[in-house]
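**Student:** No letters, just coordinates:
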């Protein structure tokens, strides 16, 4: 693809020769037929050494970059521009319409003719699936599920009965949507299971990572807002709500009935306990456990600082006596103050 | 369903009009045809505003609640009563007996005639499955597995050869029972795999959450006691034992050969290292790492307290010098004591 | 199997009677027809009480052990020897060659005649699978995947298009290889998905645990070195590299582009953030979050020490004021120094 074709499709300004580009590559690895980008100023020195045929840079870098003799595309946000070029060069394969004879579709289900249902797919009764979806092998869809247009459901995903998914959702392999929430009441000497009668509602443009689990609601529904992006192995418990365009990294977990605001970023392996409210725009650090509601958008962290095991041993045990240490410091302050008072006689 | 019908089935006492109820709802969302409950005194004020047709309350609240003009069911444990009403209103669909022609069943396997085996199920050789089970599409059951009566196995569950499951077990989608434990011996310059020759034994009334994994034992078996409840994405390593009626929340993990007592509650994302003994009735907080055996039932916690990232930065670095700080305080105490001793001359 | 047969196959020296052995067992549980081992000196006292027919011990223990009247096998590394005996007694069942009629194989795929493809397997187009592999039911393999010889792929594994797996790999049930990495660029008011154009490359002799996920690379590939052993529910993000013979325990997670060295051991539920370099031979403790590159092989730990909830409450809150406490101690030291200076008049 010619650079001029890219600029015609995506905007930005071409500087230098109109080369042919076959794919994207990192600054260090790109060759003459490849395009790369400079988003992080930290890597600016790589500009001199890259063998890339073309580089996407900010307009402010035009002068510096043009000295290197590469073709340039000037774009306000090179990282986003690179993402858009990648999409242009790697279009998602279109659905091959039709239901494979080795799929099973229950009675009363309506699947758009433009949708592709692969072998070994099981679709329950009264399911509705929109246009141009691709349902990969091994997917199991329960009764009364609805799915919008252009959904992409990878192998071995399980969707329980009654869940409702929007358009352009992507569910990666092994994801489980709508399993029972963990609802139990103690009954004398054993647990009594509480039926989970809600469903999972997933908005448009949501992506769900591999082996991520989203439980159905107990009475109300579990709700994933529009544009939410979930990485792999995330666990969302019953009645959780995730606001629009929030992104959660791998292994994050949210306990029951917590409501996460819009446009939050939740770091990998972060944990949020149940029945909390997290303000729009909150950032939670990787590995952080959130134990209280957050009313004020900010970045939150709760991580034990890493050390060699030997250093850790020399320090961690004292943590269990930190309260006593504070008391000892208080007593020292008092003692010193008294000594001071005794030395300075009243006038 | 009439309230009188509910009381006839479940006990409790009806006060007020015998209304028709179609489903359960939360206090805020319930309408005239719905029943709700008041278990947590914190929400007592909602009693005045709820539009529910009926409310389940403790007998002690009868007077206060009856003023509101709703029908009441008096029950000693409203939360448990609500769970039982939910079960009455939402019965699990019965098995539709028979093996689907698109399932595969190996030779020598015996499946009760009342059991439902859906399409795309693979059952190995010499498998025994009891009465009234439902095996959902995509489930794979290895050779020599035995399953009791009334089991409910959701889509894409994998059960390895030789595992034994009790009656009324529920396995949610994507759960893996009996994969090899992580057994390795170092052999000069590489790992040597240790065959895992035990199985997983799961007692009656156990529920296993979506994408939870329970490894088979190395020499002995991994044993999950009667009535144990496991949430999603839990990892139980080889030779773990979990005592009867213990409940573990999502993303908890237990390393090899640890023995957890009966009636424990293990919080979400809690981790328990290997070769420990955890006493009956122990409570482990969410996100807590348990590194030593627990002989005394109590609640245990080990969580770094959350803070804004800025506050965290201002504090966390000092943790790595906590041992030095303790030494400095000790020196101050000594110095102050000496100063004191010098000032007070011996008599 | 005779002990003499074992020694003939595996080396070591037989002492005492040449008994028949049917299986391995732990020291406490072994009976007369069973063989056990003593690797950890901590368990040496069990030698006197075991009913095992034979015990594998270090040569140095020959004299002590022979008094007990059991047969002995002397081996330099009894644990490794035990692992090799276990393999001898429990050989992996050989593949039953052939593609099951209820599997689906796409055009252009080449599967060695000695390989077993079970029912409900879906294999895409232009896939290459080597000799003597066993592909269990429910496995889905995307287009253009290549797999070496003697691979063992358990039920419901999903392998995305283009991934390349070596020989003797073992993938446990529910593992997902090659799902999209979590690549997003913020575009005004929503996330823009970055196509993930790399693949996953897995070396020879790699084992991947149940429900573990390994994402495909963004531009470059995600690379798992030869002999790497991954336990269950591990998450490896896009462009991660894991060096040869590194072992990672259950629920460990590694964020994008991090490079882990060779022969590392990563503890259970350890987390390693993105874009780091971890030196060869590093040991990371269970539950530890690694937030900086590690240049020096050592053992690293970052775990909040466990306590009863009451003790924890008495201490944890002070952590948020640790910086202030350090300042107070500094002031005390200064005040005491000044008091000292005032008391000692200049000469």
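**Tutor:** Noted; the coordinates are in hand. Computed from a predicted structure; not experimentally measured. Numbers count the residues shown, from 1 in each chain, chains lettered A, B, ... in the order given.

**Student:** residues of the longest helix along chain A that come out buried?
**Tutor:** Counting by DSSP state H, the longest helix found in chain A is helix A:322-343. By neighbour count with 16 or more other C-beta atoms under 10 Å in any protein chain shown, helix A:322-343 contains the buried residues A:322-323, A:325-326, A:328-329, A:332-333, A:335-336, A:339. Yep, even glycine has a C-beta here, placed from its N, CA and C like the rest.

**Student:** Those also near chain B: which ones?
**Tutor:** A:322, A:325, A:328-329, A:332, A:335-336, A:339 (C-beta under 8 Å from any C-beta of the partner chain).

**Student:** pLDDT-wise, what's the bottom of those residues?
**Tutor:** Within those, pLDDT reaches its minimum at residue A:339, with 82.

**Student:** OK, contacts around that one?
**Tutor:** B:336, B:339-340, C:339 (C-beta atoms under 8 Å, 6 or more residues apart in numbering or on different chains).

**Student:** So which of those residues is the closest to chain A?
**Tutor:** residue B:336 (5.6 Å; C-beta to the nearest C-beta).

**Student:** So that closest one is in contact with residue C:335, correct?
**Tutor:** No: look at residue B:336 against residue C:335 with C-beta atoms under 8 Å: they stay out of range, at 10.1 Å.

**Student:** quick revisit: which one among the ones next to chain B among the buried residues of helix A:322-343 gets closest to chain C?
**Tutor:** Using C-beta to the nearest C-beta, these come closest to chain C at residue A:322, 4.4 Å.

**Student:** residues contacting the closest one?
**Tutor:** B:322, C:315-316, C:318-319, C:322.

**Student:** Including distance to residue B:97, could the residues you listed go into JSON lines?
**Tutor:** As requested, these are arranged in JSON lines below (distance: C-beta to C-beta, whole Å):
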{"residue": "B:322", "distance to residue B:97": "65"}
{"residue": "C:315", "distance to residue B:97": "59"}
{"residue": "C:316", "distance to residue B:97": "56"}
{"residue": "C:318", "distance to residue B:97": "63"}
{"residue": "C:319", "distance to residue B:97": "60"}
{"residue": "C:322", "distance to residue B:97": "65"}
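
**Student:** Those residues: which two are farthest apart?
**Tutor:** B:322 and C:316 (13.3 Å; C-beta to C-beta).

**Student:** Check the burial of the closest residue in space to residue A:1 that isn't next to it in sequence by counting its neighbours.
**Tutor:** Take residue A:1 and drop its neighbours on the chain: the residue closest to it by C-beta to C-beta, 6 or more residues apart in numbering or on different chains is residue A:21, 5.5 Å away. By other C-beta atoms under 10 Å in any protein chain shown, the residues close to residue A:21 number 23.

**Student:** Give me the pLDDT for residue A:21.
**Tutor:** pLDDT at residue A:21 comes out at 93.

**Student:** Ok, residue A:346 next?
**Tutor:** 55.

**Student:** any idea how far residue A:194 lies from residue B:229?
**Tutor:** With the distance defined as C-beta to C-beta, to the nearest Å, residue A:194 ends up 11 Å from residue B:229.

**Student:** So for those two, which residues contact both of them?
**Tutor:** Common neighbours of residue A:194 and residue B:229, counting by C-beta under 8 Å, 6+ apart, are residue A:184.

**Student:** just to revisit the earlier point, right, and the residue nearest to residue A:1 touches residue A:6 too?
**Tutor:** Yes: taking C-beta under 8 Å as the definition, residue A:21 is a contact partner of residue A:6 at 7.2 Å.

**Student:** shared neighbours of those two, which are they?
**Tutor:** With C-beta under 8 Å, 6+ apart as the test, residue A:21 and residue A:6 both reach residue A:35.

**Student:** Stretch A:135-155 vs chain C: in contact?
**Tutor:** Yes: Stretch A:135-155 is in contact with chain C by C-beta under 8 Å from any C-beta, via A:136-138, A:154-155.

**Student:** Same list (these) but as a markdown table, adding pLDDT, distance to chain B and secondary structure.
**Tutor:** Listed next are the residues of stretch A:135-155 next to chain C as a markdown table, based on pLDDT from 0 to 100; distance: C-beta to the nearest C-beta, whole Å; DSSP: H, G, I helix; E, B strand; the rest coil:
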| residue | pLDDT | distance to chain B | secondary structure |
| --- | --- | --- | --- |
| A:136 | 98 | 12 | coil |
| A:137 | 98 | 10 | coil |
| A:138 | 98 | 6 | coil |
| A:154 | 98 | 12 | coil |
| A:155 | 98 | 10 | coil |
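
**Student:** Thanks a lot, see you next time.
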